[in-house]
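Visitor: I would like the atomic coordinates for the input below:
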Amino acid sequence: MTTPTARRTRNVLIAVALVVSLAACDFQKIAPSGAGPLRYRDEVFTDVTVTKDLTYGSAVGAGGATKTLKLDLYAPTGDALAKRPAIVWVHGGSFKSGSKASSELVDEAKAMAKRGYVNVSIDYRLDPNGCSASAPTGACLTAITWAKEDAQAAVRWLRRYASTYGVDPTRIAIGGSSAGAITALNVGYDEDNVGSSGNPGHSSTVRAAVSLSGARLLGTPEKGDAWALLFHGTKDVTVPYSWAQNTAKGLAEAGVTVNTTYWEGDGHVPYAKHRDEIITQTTNFLWWAMDLAHAAS
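Guide: Residues are numbered from 1 along each chain as shown. Next up is the predicted model:
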């Protein structure tokens, strides 16, 4: 006969085992099941509507000049759903160049819009001197902080105008490549220093951060923070592979769900080579990270 104490102990052990099992899952490789077409997994829309140059904030940048912050919004054409998951996309460029028209981000935004997401690709404050992984400077840290604060303002903008653009404010993710990937991870784990780039009074938190050739440089991860998906080449010398490994290790040790896809022998931002894999794994990962099985559809 099983005693109440024994039953409680068994239930606790089962619960612990379940948590450990889930934490160890490669969610980016687990495709949602069900007959297609399935919203958020499959391309259920043919066309994407692009609304360019929406203002999401402003802030003082290089040389003391105030920069008006703009974004482009990508949404499935003809979709009437009132609450859709959203993704903020952040371009790369060593924090000194690049724009919201980045080819890989436009491609990702359109691919995810066809699956039913609202996407925004943002411009942010840049520093003409940029950043070097080998010799970071104080100005470099300022540029990294500017990017994070501006991206957080974009997250808040989505929440502020959620009803206008059909966004589910509880399901927002962020992603990017290179400097944009660093920014995405910094947004995911530096929630206490949000800056003043716009849209105060709304949360800057995200459910997931997707990084292509990035690493976390700011913040302190805690259990319950955004899930992370890291793509990285083992021969990357721009943002060293070891940085991605250390990021993943630190997140896991903090109890954060983190998945990694490492490409042996590849360098920095090999998007064209791995495009289909990146889209597929991002689609799978966000399904689980944002609990899209229970999202409006």
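
Visitor: my guess is residue 182 is in a helix, correct?
Guide: Yes - looking at residue 182 with DSSP: H, G, I helix; E, B strand; the rest coil, it is inside a helix.

Visitor: and it, what does it touch?
Guide: 144, 147, 176, 211, 214, 215, 216, 217, 239 (C-beta atoms under 8 Å, 6 or more residues apart in numbering). Where you see a C-beta, it was placed from the backbone N, CA and C, and this is true even at glycine.

Visitor: let's see it at 6 Å
Guide: Going by C-beta atoms under 6 Å, 6 or more residues apart in numbering, residue 182 touches 214, 217.

Visitor: Now do it against residue 224, distance only.
Guide: To residue 224, residue 182 is 22 Å away according to C-beta to C-beta, to the nearest Å.

Visitor: Also residue 25?
Guide: 17 Å.

Visitor: The helix ranked longest in the chain: how far from the chain's middle?
Guide: Looking across the chain with DSSP state H, the single longest helix is helix 138-160. Its chain's C-alpha centre and that of helix 138-160 lie 13 Å apart, by C-alpha atoms, centre = their mean, to the nearest Å.

Visitor: Same check on stretch 212-228?
Guide: 10 Å.

Visitor: Residue 179 against residue 98, yeah?
Guide: No - between residue 179 and residue 98 there is no contact under C-beta atoms under 6 Å: 7.3 Å.

Visitor: any shared contact partners between these two?
Guide: residue 92.

Visitor: Give me the more crowded residue out of these two.
Guide: Neighbour tally, residue 179 and residue 98, criterion other C-beta atoms under 10 Å: the higher count belongs to residue 179, 28 against 20.

Visitor: Now do the same contact list for the more buried one.
Guide: 92, 93, 94, 95.

Visitor: ranges for the helices of the stretch 1-150 of the chain?
Guide: 4-23, 103-113, 138-160 (DSSP state H, counting those that start in this stretch).

Visitor: Skipping adjacent residues, who's closest to residue 106 in space?
Guide: residue 121 (6.6 Å; C-beta to C-beta, 6 or more residues apart in numbering).
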